[in-house]
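Colleague: coords please:
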Amino acid sequence: MQMFFLFLFSLPVIAAQYYSIEKNAVASVTALASVWLLAFCLGPLFASLKEGKVRTSVGLTVLTALSLYFYAQLLSYYLQGRYFNQQFYFHLNFVTLIETWSVYYPLVFLFLFWILSVWLGFLYYRNRLPMVRYSYPVLAVLLLIAAALDPGIRSTAIAAFESRNTPAIASLDFIDWEKMSLSEAALNNANIQAAAGKNLVFVFMEGLEKIYTEASIFPGLTPNLTRLNSEGWQPHRLTEVQGSAWTMGGIVSSLCGTPLLYDSGLNGNDIMFTRFLNSAVCLPDVLSKAAYSQVFMGGASIDFAGKGEFLRNHSFDVALGKDQLESELPDASYMGSWGLYDESLLALAVGQFERLAEQQKPFNLTMLTVDTHHPTGESSPTCPPYTQIDNTILHAVHCTDFLIGKFIDQIKQHPSYEETLVVLVSDHLAMRNDAYSLFPPDYPRRLYLNILNAGQIESSGALVTPMDIAPTVLELMNVEHDASFLAGRSVIDKESELLEREQKGVHRLSRRQLISFINSNFLSPQETDLFYSLETRGSSGIDFSDHIVDIEETISGLEFTSVGNDPFFMLPPVSVPDGKDARLYVNFESEEASVITLYYSTELNGNFSEEKTISRPTVSGENQIVFRLGKGMTIGRLRLDPGISAGRYLIRSIEIRS
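Modeller: As a prediction, this is how the structure comes out:
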């Protein structure tokens, strides 16, 4: 029996090590040693169980769990060349299986055939086991050694141990924002203003990184991107960071100025269906404030990996994927495994560009190609092949280059092109694919970025990350705005430093941990502690100054008229537990622009004063204001001065929550 399971379990392990990007002989040997030791333990373990239902149920359960682990490991290495990581868990979801069935169904059938062999083998051997008995402590020790020899389990255990020795983040009070190159202002983007600039065409190119444009490595592979390089601006060093290494990670990082890092377990892409980063202001949110029309087009399903949910939550008017665009094809059956070929997508995008330009208002057309998707790629059938090397991925890259060049040449004919910024960018570095063996091992991997119609700009040698793309693009579009991005900044005419720096040592927090904490707890609405709500408590307990009259509670909220120059009201006493970060959220309408001011008292000084205030400018109409309540600020009562202008006010909501 041991030899049978050693053979079966070795198959996915050997395949996983074959597909590994990091070719490591020691890891391969220890992985096989782990399987050998595990197979050796299975016989005595099952033999020690009573024959019948107990042995059968325990055996099938254990073997099924092991089979799932080994095959999942194989899938992770096959798809990305690495052991389980954040991007693997991100896609560990039933939606992923449904949306990728047409691409990866052979892998599903292979798994079913393999696990059926495991089950049948066990059912055959279960009552033919030799009566060699080992004590349970000995088997337990051997199984622990087997787990320790598994390179993936070993690295995960080490990372978990280091994580346990890293202090947990309790609040934002101790963060040195400047030292960590993070913007605290990004947590207070609720009421941003923006004025329109140029139009935008933003093209995410699936896994099409800079190495493919290197003529010394792949001669003649991307003649159109090479031609367009001479017309645009490119940074010298655009580097992928953790949280941007897959499609949704790249899109989120590039549009929102923060990587797709979050505090989460194995919830797969459910993270995108729980309003992740819904409180973050992203590039399309800024453009929405400037009255842009915004359309997203992609060849694959819009539901894959929560893409549609994210786009709709961040101000795109229309999000079009395979299902929405299929009806616009001359032949609905002209599809690749992922959906629309790039040929069809970019042809439809030309028409979409022309329709948006005819609206006589600024627009943003964002696209995502798919033909170059790993591991094999799938060229549009009408594309010319790459003649230098017969390789499926290289054929697909050559094809997408041809189609991008054709698309740019077509929109150049439209009068609106001169007032349009065009961004061509990798969504992430190429994952393990059929061309990977052709990559020089010492080549510094870089993302591709070329921005057309950007004007004359000199590129410095400064490091750029995907988080810098949104603020940089907004500056090049000449969009005036007051939004801030958590981990990104414009790099035009600015020297940038390494943004993904790590604080070494187990007693110091890394920048990545802080971003994950902020993304999850401050930029993503979750279940929070609600300490006060105007909606549930009404005006009960609120004290109004003499300069506030005609107070009414309506279905819309709390209405009143301000007279004189000192209108204010006092909230009821609110108790916030020690150690909780709380914020005061105020949504209200006013007739004129003014300033809203929060007065607070502290334990040391229970009186209000001008030194203990926070003010925010307001506009005529709707305002959404956020006040961060630091330690000691919720001692006693809070006073709000809604504005110095007389007139009618409508307080739609007031909340104090963590």
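
Colleague: ok, longest helix in this structure?
Modeller: When the chain is parsed with DSSP state H, its longest helix is helix 53-80.

Colleague: domains in this structure, as residue ranges please.
Modeller: 2-164, 188-521, 530-657 (automatic domain parsing).

Colleague: give me the sheet partners of the strand of greatest length in the chain and which way each runs.
Modeller: Across the chain, the longest stretch assigned as strand under DSSP state E is strand 647-657. According to DSSP bridges, strand 647-657 has the following sheet partners: strand 530-533 (antiparallel), strand 557-562 (antiparallel), strand 582-590 (antiparallel).

Colleague: closest one to residue 260 among those?
Modeller: With C-beta to C-beta as the measure, strand 582-590 is the member of the strands paired with strand 647-657 nearest residue 260 (23.4 Å). (C-beta placed from N, C-alpha, C; glycine too.)

Colleague: follow-up on the earlier one: so which bits of the longest strand of the chain are buried?
Modeller: 649, 650, 651, 652, 654, 655, 656, 657 (16 or more other C-beta atoms under 10 Å).

Colleague: mind listing what the last one touches?
Modeller: Okay, so that is residue 657. By C-beta atoms under 8 Å, 6 or more residues apart in numbering, the residues touching residue 657 are 528, 529, 530, 531, 582, 583, 585.

Colleague: which one (most neighbours) among these?
Modeller: residue 582 (23 neighbours; other C-beta atoms under 10 Å).

Colleague: let me know the average pLDDT across stretch 368-382.
Modeller: Average pLDDT, stretch 368-382: 95.

Colleague: low-confidence ranges in the stretch 501-650 of the chain?
Modeller: 501-509, 525-528, 579, 602-606, 631-635 (pLDDT under 70).

Colleague: contact partners for the closest residue to residue 246 other than its chain neighbours?
Modeller: Using C-beta to C-beta, 6 or more residues apart in numbering and skipping the chain neighbours, the partner closest in space to residue 246 is residue 87 (4.1 Å). Residue 87 makes contact with 80, 245, 246, 249 under the criterion C-beta under 8 Å, 6+ apart.

Colleague: with distance to residue 59 added, can I get these in CSV?
Modeller: Converted to CSV, these look like this (distance: C-beta to C-beta, whole Å):
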residue, distance to residue 59
80, 32
245, 39
246, 37
249, 40
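
Colleague: in helices, which of these fall?
Modeller: 80, 249.

Colleague: what is the nearest of the contacts of residue 87 to residue 419?
Modeller: For the contacts of residue 87, the nearest to residue 419 is residue 249 (31.2 Å; C-beta to C-beta).

Colleague: against residue 392, how distant is that closest one?
Modeller: 24 Å (C-beta to C-beta, to the nearest Å).

Colleague: as TSV, the strands paired with strand 647-657 with distance to residue 436 would be great.
Modeller: Below are the strands paired with strand 647-657 laid out as TSV (distance: least, C-beta to C-beta, whole Å):
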stretch	distance to residue 436
strand 530-533	50
strand 557-562	58
strand 582-590	47
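
Colleague: can you say which of these is nearest to residue 135?
Modeller: Short answer: strand 530-533, nearest of those by C-beta to C-beta, at 55.1 Å.

Colleague: following that closest one, which helix or strand comes up?
Modeller: Using DSSP states H and E, the helix or strand that follows strand 530-533 in sequence is helix 534-537.

Colleague: hmm, who's touching that following helix?
Modeller: Contacts for helix 534-537 (C-beta under 8 Å, 6+ apart): 557, 558, 572, 651, 653, 654, 655.

Colleague: repeat that with 6 Å
Modeller: Helix 534-537 has contacts (C-beta atoms under 6 Å, 6 or more residues apart in numbering) with 653, 654.

Colleague: just the buried residues of it, please?
Modeller: Neighbour-count burial for helix 534-537 [16+ other C-beta under 10 Å]: residue 534.

Colleague: appreciated, that's everything.
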